[in-house]
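Q: below: sequence and its predicted model.
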Protein chains: 2
Amino acid sequence: MGRIVLGMSVSLDGIAGSSNLDVPGESMAVHEAVLGWQFPLRSWQERQGMSGGEDTEESRLWAEDFSRWGAQVVGRRMFDFGNPHWGENPPFRVPVVVNTHRPEAPMEKLGGTTYIFVTGGIEESVRRARELAGDRDVLIAGGVQLARQALEAGLVDELSLHVAHVVLGHGERFFDAVATPLRLRPIRTVAGAGATHLSYDVLR
Amino acid sequence: MGRIVLGMSVSLDGIAGSSNLDVPGESMAVHEAVLGWQFPLRSWQERQGMSGGEDTEESRLWAEDFSRWGAQVVGRRMFDFGNPHWGENPPFRVPVVVNTHRPEAPMEKLGGTTYIFVTGGIEESVRRARELAGDRDVLIAGGVQLARQALEAGLVDELSLHVAHVVLGHGERFFDAVATPLRLRPIRTVAGAGATHLSYDVLR
């Protein structure tokens, strides 16, 4: 059975999102600061349907990681924020469980992405994603609130942090609402051009 | 002229100290969780006057780092907490500037450590340490409040974070009171047995 992996991009001071969604510019600035390390990667660009980018070790690692996911889980807020950008041929190319309070019919997109709306809470969303992923792993892709819920519920086997080379000073800190101590065993440490990639097994 | 380096040990969720100093057990638990990566290192043990420890690459890096410092700066709270443990032959072996409001005569200890009490604020403490260090670098060793003041005052050339393989959930987050955005350029990424060591140039 696949593993449940929580992947988050954060600044060095742990900021993963904007604390003020009423200021769209701020939200986008945080997004670019913590996720910008991906944009130059050839593998990332290929996923967006572009043909440029740098073919570095980091790009190959990104592709390797991405091919692990048999399904992804995202929160409602992240879905609403991302959906207009992801468009008709989204970069996931696997089933994506949207953890939400609002039931909705599945949405099939091009390239293998189907959005499936699950209303039974985080345990149910992860269980559903695990079924859909078969033998492959499940990525809990965010946002911040969903990621915290998954950690607090003890659902995460592996924590994968991408730590951008920047201190933001303001924003929503990923770990601020994580009150559960976790023992970790490092799996991989990769020094990238725009971020340091830290993966850990979460020990029970 | 030497560089000003800020060195901090933190948990993966950014906790560097106890938020409740009235509970001595909690303070010591955080201390051990975030600094425990040092204890098995031969180079660290040698500094404490012990003769055991593991001669790993991490131990050699620790020794290399330590030999850079021509002086250190510590805050008053860290000094009062540490002084009884550091004893008559403290592990610094260089002048240590104590940033404080309370004037006091210098204290000379064995092995090259002299405590010098500077009351003119963080700029003055760092200026004094820089003089004392000569061509060598200055380590701002903590605690959390002093480290933040130095960052906010723009005094730090290099940020050296030791990120222990643990999420604590509770405690004093180092970056919580750092409101100044910083652009960083990575210098070194080392995967250690108990912590990941991330060094950055702070870009102005």
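A: Structure received.

Q: now do the same contact list for the nearest residue to A:H197 once chain neighbours are set aside.
A: Distances taken as CB to CB, 6 or more residues apart in numbering or on different chains place A:V190 nearest to A:H197, at 4.1 Å, with adjacent residues excluded. For glycine as for every other residue, the C-beta is placed from the backbone atoms N, C-alpha and C. When contacts are counted by CB atoms under 8 Å, 6 or more residues apart in numbering or on different chains, A:V190 touches A:E57, A:E58, A:L61, A:T196, A:H197, B:T189.

Q: take those and keep only those in helices.
A: A:E57, A:E58, A:L61 (DSSP state H).

Q: whichever of those residues end up buried, select them in ChimeraX.
A: Buried members of these, defined by 16 or more other CB atoms under 10 Å in any protein chain shown, are picked up in ChimeraX with:
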select /A:58,61
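
Q: and which of the contacts of A:V190 is nearest A:I4?
A: A:H197 (18.4 Å; CB to CB).

Q: pretty sure the closest one sits against A:P186.
A: No - judged on CB atoms under 8 Å, A:H197 makes no contact with A:P186 at a distance of 11.2 Å.

Q: neighbour-wise, which of these two wins?
A: A:H197 (21 against 17; other CB atoms under 10 Å in any protein chain shown).

Q: residues making contact with the helix or strand containing A:I140?
A: In this structure, A:I140 sits in strand A:137-142 according to DSSP states H and E. Applying CB under 8 Å, 6+ apart, the contact partners of strand A:137-142 are A:2-8, A:16, A:68-75, A:78, A:126, A:129-130, A:146-147, A:150, A:155-156.

Q: how about A:E26, nearest residue that isn't a chain neighbour?
A: Closest to A:E26 by CB to CB, 6+ apart is A:S18, at 4.8 Å.

Q: and if you look at A:H101?
A: A:T119 (6.1 Å).

Q: so how far is B:I140 from the one you found?
A: 51 Å (CB to CB, to the nearest Å).

Q: who's more crowded, the two?
A: Per other CB under 10 Å, whichever of A:T119 and B:I140 has more neighbours is B:I140, with 29 against 14.

Q: dig out what that one forms beta bridges with.
A: Assessed by DSSP bridges, B:I140 has beta-bridge partners B:L6, B:V73.

Q: what does chain A put close to chain B?
A: Counting by CB under 8 Å from any CB of the partner chain, the residues of chain A close to chain B are A:12-14, A:161, A:163, A:165-170, A:173, A:175-176, A:178-186, A:189-191, A:196, A:198, A:200.

Q: give me the buried entries from these.
A: Applying 16+ other CB under 10 Å to the residues of chain A next to chain B flags A:12-14, A:161, A:163, A:165-170, A:173, A:175-176, A:178, A:182, A:184, A:186, A:189, A:191, A:196, A:198, A:200 as buried.

Q: tell me which element A:D80 is part of?
A: helix A:76-86.

Q: for chain A, which spans come out with low pLDDT?
A: A:19-24 (pLDDT under 70).

Q: hey, where'd the helices end up in it?
A: A:24-35, A:42-47, A:57-68, A:76-86, A:122-133, A:144-152.

Q: Serialize those to a markdown table and add fields for distance to B:Q38.
A: Listed next are those as a markdown table, based on distance: least, CB to CB, whole Å:
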| stretch | distance to B:Q38 |
| --- | --- |
| helix A:24-35 | 30 |
| helix A:42-47 | 37 |
| helix A:57-68 | 30 |
| helix A:76-86 | 39 |
| helix A:122-133 | 37 |
| helix A:144-152 | 27 |
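
Q: so which of those is the most packed in?
A: helix A:144-152 (a mean of 22; mean count of other CB atoms under 10 Å in any protein chain shown).

Q: report all helices and strands that that one contacts.
A: strand A:4-10, strand A:15-17, strand A:69-75, helix A:122-133, strand A:137-142 (3 or more CB pairs under 8 Å, 6 or more residues apart in numbering or on different chains; DSSP states H and E).

Q: residues touching the first one, excluding its own?
A: Under the contact criterion CB under 8 Å, 6+ apart, strand A:4-10 has outside partners A:16, A:34-35, A:37-38, A:65, A:68-69, A:126, A:130, A:137-142, A:144, A:147, A:150-151, A:155-164, A:174, A:195.

Q: the residue lying closest to A:E158 once chain neighbours are set aside: neighbour count?
A: In this structure, A:E158 finds its nearest non-sequential neighbour in A:V5, 4.4 Å apart by CB to CB, 6+ apart. Residues within reach of A:V5, counting by other CB under 10 Å, total 21.

Q: where's A:V5 relative to A:A147, distance?
A: 11 Å.

Q: same thing with A:P95?
A: As judged by CB to CB, A:P95 and A:A147 stand 19 Å apart.

Q: ok, A:S67 next?
A: Following CB to CB, the distance that separates A:S67 from A:A147 is 22 Å.

Q: bridging residues for the residue nearest to A:T196 when sequence neighbours are not counted?
A: Distances taken as CB to CB, 6+ apart place A:V163 nearest to A:T196, at 4.7 Å, with adjacent residues excluded. A:V163 has these beta-bridge partners by DSSP bridges: A:V10, A:T196.

Q: my guess is A:V163 meets A:A16, correct?
A: No - counting by CB under 8 Å, A:A16 is not a contact partner of A:V163; they are 10.6 Å apart.

Q: okay, buried residues for stretch A:7-21 please.
A: By neighbour count on 16+ other CB under 10 Å, the buried set for stretch A:7-21 is A:G7, A:M8, A:S9, A:V10, A:S11, A:L12, A:D13, A:G14, A:I15, A:A16, A:G17, A:S18.
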